[in-house]
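Trainee: Structure for this input, please:
(one chain, ligands or ions: 2)
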Amino acid sequence: MHVTSAEFVKSATKPANYPPEEFPEVAFAGRSNVGKSSLINVLVNRKGLVRTSSTPGRTQLLNFFLVNGGLMLVDLPGYGFAKVPLAVKKQWGPMMETYLASRRTLGCVVLILDIRRVPTEEDCQMLQWLRAYDIPTLVVVTKCDKVSKNERAKQAAVIARETGLPRDEMLFFSALSREGKDAVWGRIGELLAARAPAAVAD
Ligand SMILES: Nc1nc2c(ncn2[C@@H]2O[C@H](COP(=O)(O)OP(=O)(O)O)[C@@H](O)[C@H]2O)c(=O)[nH]1
Ligand SMILES: [Mg+2]
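Mentor: Ligands and ions are numbered 1, 2, ... in the order given. Down below sits the predicted model:
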């Protein structure tokens with residue numbers, strides 16, 4: 001994917017404020033601080049398009065970005081944060097389910113996991129939601145620069161065991177080295193292409 005333009009469109013919490021359903025959409029999900037924003041920035045070749053932060057749980061909004069005037073990327077609010085008010089945590093589930101269940105242009109979700117961590121209950125619940133809503137899903141395992149090749153293989157086995165995902169359904173990525181960037185775009189393209197005929201038939 002050759003990215004020629006990428007712009008912030010808007011933030012939203014509820015459907016009335018989402019941008020119109022004009023373009024195929026890819027949403028990025030994962031726990032707070034896992035590297036969602038960094039992944040999107042690498043994909044679009046823009047260091048600061050999506051704000052990255054070392055303070056988990058800051059961005060409890062859906063953030064929409066338009067790429068090449070025809071593809072929407074959505075940075076979904078992270079989960080698993082400890083230090084946010086209970087009221088905010090309670091909003092998260094309904095906000096996420098509403099988006100996943102209602103967004104007709106949603107072509108696929110990229111679920112991001114950390115190579116160094118055992119997937120959490122929330123990661124597994126997210127995978128179950130995606131399956132329940134029949135949303136094509138790509139699992140990207142990020143921060144691979146932080147572990148050796150040996151450790152990577154070991155952790156991939158842990159992730160496969162905890163999530164039930166086959167090993168070949170995970171892509172390895174690093175925002176630091178940019179390893180995996182082309183593979184992620186390639187897989188997104190395949191998932192969107194597979195989804196397109198149904199969207200046309202609607
Ligand atoms: N070494 C390394 N650090 C990363 C990588 N991806 C993200 N980070 C760092 O992890 C922190 C959280 O990243 P961010 O993209 O804001 O995570 P988000 O909360 O999921 O959007 C930041 O300090 C990033 O610089 C990566 O692939 N490798
Ligand atoms: Mg972020």
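
Trainee: Can you classify M72 as helix, strand or coil?
Mentor: strand (DSSP: H, G, I helix; E, B strand; the rest coil).

Trainee: quick one, what contacts the closest residue to it other than its chain neighbours?
Mentor: Computed as CB to CB, 6 or more residues apart in numbering, the closest residue to M72 that is not its neighbour in sequence is E25, at 4.2 Å. Quick note: C-beta positions are derived from backbone N, CA and C, even for glycine. Residues near E25 by CB atoms under 8 Å, 6 or more residues apart in numbering: 71-74, 103, 105-107.

Trainee: What separation is there between W129 and T98?
Mentor: 12 Å (CB to CB, to the nearest Å).

Trainee: Of the two, give the one with the bigger neighbour count.
Mentor: More neighbours surround W129 than the other of W129 and T98, with 18 against 15 (other CB atoms under 10 Å).

Trainee: So that one lies in a helix, does it not?
Mentor: Yes - counting by three-state DSSP, W129 is part of a helix.

Trainee: I'd say it and L100 touch.
Mentor: Yes - between W129 and L100 there is a contact at 6.1 Å, judged by CB atoms under 8 Å.

Trainee: what's the helix or strand for the closest residue to I135 other than its chain neighbours?
Mentor: In this structure, I135 finds its nearest non-sequential neighbour in V109, 5.4 Å apart by CB to CB, 6+ apart. V109 is located in strand 106-114, with elements delineated by DSSP states H and E.

Trainee: Find the nearest non-adjacent residue to P119, please.
Mentor: E162 (4.5 Å).

Trainee: And Y18, by the same measure?
Mentor: Going by CB to CB, 6+ apart, Y18 has A12 as its nearest residue, at 5.0 Å.
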